[in-house]
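Visitor: Sequence and predicted structure, then a few things I'm wondering about:
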Amino acid sequence: MRIGILSLQGAVSEHEVCISNLGIDTVTIRSKNDFREVSGIIMPGGESTTLRKLLINSGLWEILKESDIPIMGTCAGAILIGKNSKNDLGKIDIKIDRNYYGRQKESFQKKIEVKGNLQFNGIFIRAPAITSIGNGVEAIAWENNQIVGCMEKKNMALTFHPELTDNPIFHKMWLEKLS
């Protein structure tokens, strides 16, 4: 198995460390040629409008839109893989409120609930929230009963940054779906 990490902006090296620590090879994705032989792609956070423009300008948007490659999207990545509008990739049937928690100064860390009665230290940086999920989408993480993580088939959307912690639970959960 080999995981591609979209390397246009965001916490690329942190996701690489998480995946590598789990014994999985990674490759950075910056161009169309980097998609060879990847089992899934991580789309890190950043600024969603900027990330969308970078993806379109690099030619990667169409590849992602047309392929069925599994995606783990964190923060801005979660926004783009949703179905908020025709401008999103539509990989997971969710609606997201882009600035649910407010501006940069309202960023925070908080224990969140995870499927299976677990807790996780969620890091929310100018974070969105998942406001609705479609049939077939499973909520897997909550902050005060607000959905902040979900999965549909092999796609995962997280509105926080698991890569900024030393707990690989979400990376493991996603990789298990790819096996």
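Guide: Ah, there it is.
Visitor: my guess is residue 105 is in a helix, correct?
Guide: Yes. Counting by DSSP: H, G, I helix; E, B strand; the rest coil, residue 105 falls inside a helix.
Visitor: Now do the same contact list for residue 123.
Guide: 109, 160, 161, 162, 164, 165 (C-beta atoms under 8 Å, 6 or more residues apart in numbering). In short, each C-beta sits where N, CA and C put it, glycine included.
Visitor: If you rank these by neighbours, which is first?
Guide: The most crowded member of the contacts of residue 123, judged by other C-beta atoms under 10 Å, is residue 160 (30 neighbours).
Visitor: gap between that one and residue 33?
Guide: Separation of residue 160 from residue 33 (C-beta to C-beta, to the nearest Å) stands at 31 Å.
Visitor: outside of stretch 160-168, which residues touch it?
Guide: Outside stretch 160-168, the residues that reach it (C-beta under 8 Å, 6+ apart) are 11, 14-15, 17-18, 21-22, 44-45, 74-75, 112, 120-125, 127, 141, 143, 148-149, 169-171.
Visitor: Tell me, what's the model's pLDDT at the closest residue in space to residue 107 that isn't next to it in sequence?
Guide: Spatial nearest neighbour of residue 107, excluding adjacent residues (C-beta to C-beta, 6 or more residues apart in numbering): residue 125 at 4.5 Å. Looking at residue 125, its pLDDT reads 90.
Visitor: close enough to count as contact, residue 125 and residue 75?
Guide: Yes. Applying C-beta atoms under 8 Å as the test, residue 125 and residue 75 come out as touching, 6.7 Å apart.
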